[in-house]
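> what follows is a predicted protein model with its sequence.
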Amino acid sequence: MKRISSLLILLGVSVFAISQTTIKMKQVDGLSIVPCKANGLNLTFSLATAAPDVTIGYGEANFMLKNGQLTTGDVISPANYNSTELHEGVVVNIKTIEFAGLVLENVRATVTKNLNAPIMLGQSGIAKLGSIQLDFANHVITIMNGTGNYDFSAKNNTDSQVQDGNIPKDAPVDVRMTDFKGKILPHEVVIFRSDLNGREYYGLTDTTGKFSVRLPAGDKYEIFILGFKDSTSYVVLDIPPLTGKAYYKDPFKVDIQFMPSKSFVLEDCNFETGKADLEEDSYKVIDELVAFLNRKEDVRIELGGHTDNVGTAKSNLILSEARANTVRDYLLLKGINPDRVTAKGYGLTMPVESNKTEEGRAINRRTEVKILDNE
């Protein structure tokens, strides 16, 4: 019901961080193990400092082939390989190996039997991400890239990303809303819905058309503007994750240009045939109008009653005004200031569909809410 012609997100963000990733590796039977994803499949790799080549286990490689993480098109040697089994010595291209927030791309690995880890990755392979430092005594590797501190050494710990507890793990977000002419829009509800867990965070613009909110980092948020009985998604705000000593100092700035609807129909607001008595299931939508008016405390409205063309023009005019006043009376009963609500009957004079069909006549029988300009 509401129309957006422009919604602009301006990001003015400063991230303070030490540009390095520190990994404490898990020790298993003398091997240094790090959890990873190879082409999206959860595996582990062992750091082999002396190994010049990357190797992948025979079982893991064939599992990936059968499940689509590898295809015959990923086989480099022999180039004409078209078997359904990857034999020892075959060289494959692993598109991505992800670990500790970093990504190695297009890694050539040789299929090897009797491998002690799913993937053996040499020091030279990791060094493609940035210069590295090895602390053999503490089983720690430091890569001059990224901003993470990862500890995989704990028992049963497969992915422990550690962030300094004194550093904020969320991001400040400043929102400002105006119409197309730059007029501030107070009392508008903006919703940020988490892509990870569906949790919603609300903000209400103040008399200056602004509000601030803090949102957990490492998530994407779909932005909704709450209208009457609806909320429509317009854009997504991406707040990258924080690790180590990284934090967001400056806020994400969300500038919204928005045109609120000037009128809407109270859908499912129905009356008994030929009467001004509300049907029982009509109170739900009117209660939603009450909530809308309580939130938008500066808004004045007109309730317009409309009918189809069955009957005389005079009888329809009287009926439409009586129906509009029935809705108004209910709003006043719920505590809405009488000065904020007027009622008017239009009868059959303003059809929106043809009265030649039952469907058209049903649409023409309506109660319409019009937002009035403040005097």
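Nice, I can see it.
> can you show me the helices along the stretch 251-375 of the chain?
For the stretch 251-375 of the chain, helices defined by DSSP state H, counting those that start in this stretch occupy the ranges 283-295, 313-333, 358-364.
> make JSON lines out of these and add mean neighbour count.
From N, CA and C alone the C-beta is placed, and that goes for glycine too. Formatted as JSON lines, the entries for those read as follows, by neighbours: other CB atoms under 10 Å:
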{"stretch": "helix 283-295", "mean neighbour count": "16"}
{"stretch": "helix 313-333", "mean neighbour count": "18"}
{"stretch": "helix 358-364", "mean neighbour count": "14"}
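> show the contacting residues for Pro219.
Slight slip there: residue 219 is Asp, not Pro. Contacts here follow CB atoms under 8 Å, 6 or more residues apart in numbering; on that basis Asp219 touches Ser194, Asp195, Leu196, Ile239.
> show me where pLDDT drops low in this protein?
Counting by pLDDT under 70, the low-confidence segments of the chain come to 1-19, 50-52, 147, 154-167, 229-234, 243-244, 374-375.
> please redo it, this time with the cut-off set to 80
When residues are selected by pLDDT under 80, those of the chain lie in 1-20, 48-53, 79-83, 146-149, 154-169, 226-235, 242-246, 259-261, 295, 373-375.
> am I right that Ala85 sits in a strand?
I think there's a mix-up here, since residue 85 is Glu and not Ala. No - the assignment for Glu85 by DSSP: H, G, I helix; E, B strand; the rest coil gives coil, which leaves it out of any strand.
> and it, how far from Leu70?
Taking CB to CB, to the nearest Å as the measure, Glu85 falls 12 Å from Leu70.
> and if you look at Leu86?
Between Leu86 and Leu70 the distance, using CB to CB, works out to 8 Å.
> overlap in contacts of these two?
If you check Leu86 and Leu70 against CB under 8 Å, 6+ apart, the residues they both contact are Ala61, Val92.
> on that earlier part again, and Glu85 and Leu70? Which one has more around it.
Leu70 (26 against 12; other CB atoms under 10 Å).
> wait, the more buried one touches Ile56, no?
No - proximity of Leu70 to Ile56 does not meet the contact threshold set by CB atoms under 8 Å, at 9.2 Å.
> between the two, which contacts overlap?
Common neighbours of Leu70 and Ile56 (CB under 8 Å, 6+ apart) are Val92, Ile94.
> OK, contacts around Val34?
Neighbouring residues of Val34 by CB under 8 Å, 6+ apart: Ile23, Met25, Lys26, Thr44, Phe45, Ser46, Leu47, Phe99, Ala100, Phe152.
> now distance to Glu358 too, for those, in TSV please.
As requested, the contacts of Val34 are arranged in TSV below (distance: CB to CB, whole Å):
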residue	distance to Glu358
Ile23	70
Met25	73
Lys26	71
Thr44	67
Phe45	69
Ser46	74
Leu47	75
Phe99	65
Ala100	65
Phe152	68
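> who wins for neighbours among the contacts of Asp219?
The most neighbours of any of the contacts of Asp219, using other CB under 10 Å, belong to Ile239, which has 20 neighbours.
> for Asp250, see how far away that one is.
Ile239 is 13 Å from Asp250, by CB to CB.
> now swap in Glu188 and tell me
Spatial separation of Glu188 from Asp250 under the definition CB to CB is 24 Å.
> which one of the two has more residues nearby?
The neighbour count for Glu188 versus Asp250, taken as other CB under 10 Å, is higher for Glu188 (22 against 14).
> OK, contacts around the nearest residue to the more buried one once chain neighbours are set aside?
Taking CB to CB, 6 or more residues apart in numbering as the measure, Glu188 lies nearest to Thr205, with 4.7 Å between them; neighbours along the chain are not counted. Residues near Thr205 by CB under 8 Å, 6+ apart: Val175, Met177, Ile184, Leu185, Pro186, His187, Glu188, Val190, Phe211.
> list the buried residues of stretch 44-57.
Applying a neighbour-count criterion of 16 or more other CB atoms under 10 Å, the buried positions in stretch 44-57 are Thr44, Phe45, Ser46, Leu47, Ala48, Val54, Thr55, Ile56, Gly57.
> pairing partners for the first one in the sheet, please.
When you say that, I think you mean Thr44. The partner list for Thr44 in beta bridges (DSSP bridges) reads Pro35.
> quick one, what contacts it?
Taking CB under 8 Å, 6+ apart, we find Thr44 in contact with Ile33, Val34, Pro35, Cys36, Ala117, Pro118, Ile119.
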